[in-house]
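> need a structure here:
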Amino acid sequence: MEIYNRRAKFDYNVIETYEAGLVLKGTEIKSIRNGSANLKDSYATIKKGEIFLLNMYIAKYEQGNRFNHAERRTRKLLLKKNEIIKLSSKVKMEGFTLIPLKLYLKKGKAKILIGVAKGKKEYDKRETIKERDLEREARKNFKYNLSEYN
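A predicted model of the protein is given here:
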């Protein structure tokens, strides 16, 4: 089970990635196992030597009753101290930000792939769309040419 941030590669140029653990409540991990999470519009920030994930949506667990969690609460990420120091130095450079790319389970633990990224300009996004359309057209023509020989 993997949950992707589909807009991340379109809106940002990812320079480097890090794998981080998440501090979660019991109902949150159960919702993630059900696939009820979304990384859209979420980002990470560094405060006082700790890294936090903001605005990530994890749906309420159906059987959670009064012990349920807040859906968009701030969650702490688990990284080694030297990794946090590297990230904070990169984020201080102009234009860089930390965005979650993928949420997945590894040996029963929730992990998140964080990317150090720089925002794309509008013309870069148009170029990405153009390349995707050309690739789609080439695949379509290739399939068409193969069907002629069968």
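> What are the structural domain limits within this structure?
For the chain, automatic domain parsing gives the domain ranges 2-119, 121-150.
> Of these, which shows the lowest average pLDDT?
Of all the domains of the chain, mean pLDDT reaches its minimum on domain 121-150 (a mean of 78).
> List the buried residues of that one.
Buried residues in domain 121-150, counting neighbours by 16 or more other Cβ atoms under 10 Å, are absent. C-beta coordinates here come from the backbone N, C-alpha and C atoms, glycine included.
> Identify, out of the domains of the chain, the most deeply packed stretch.
Most buried of these, by mean neighbour count (mean count of other Cβ atoms under 10 Å): domain 2-119, with a mean of 16.
> quick one: that one to chain centroid distance?
Taking Cα atoms, centre = their mean, to the nearest Å, one finds the center of domain 2-119 at 7 Å from the center of the full chain.
> and the longest helix along the chain, what does it pack onto?
Counting residues, the longest helix found in the chain (DSSP state H) is helix 122-149. Here helix 122-149 touches helix 8-11, going by 3 or more Cβ pairs under 8 Å, 6 or more residues apart in numbering; DSSP states H and E.
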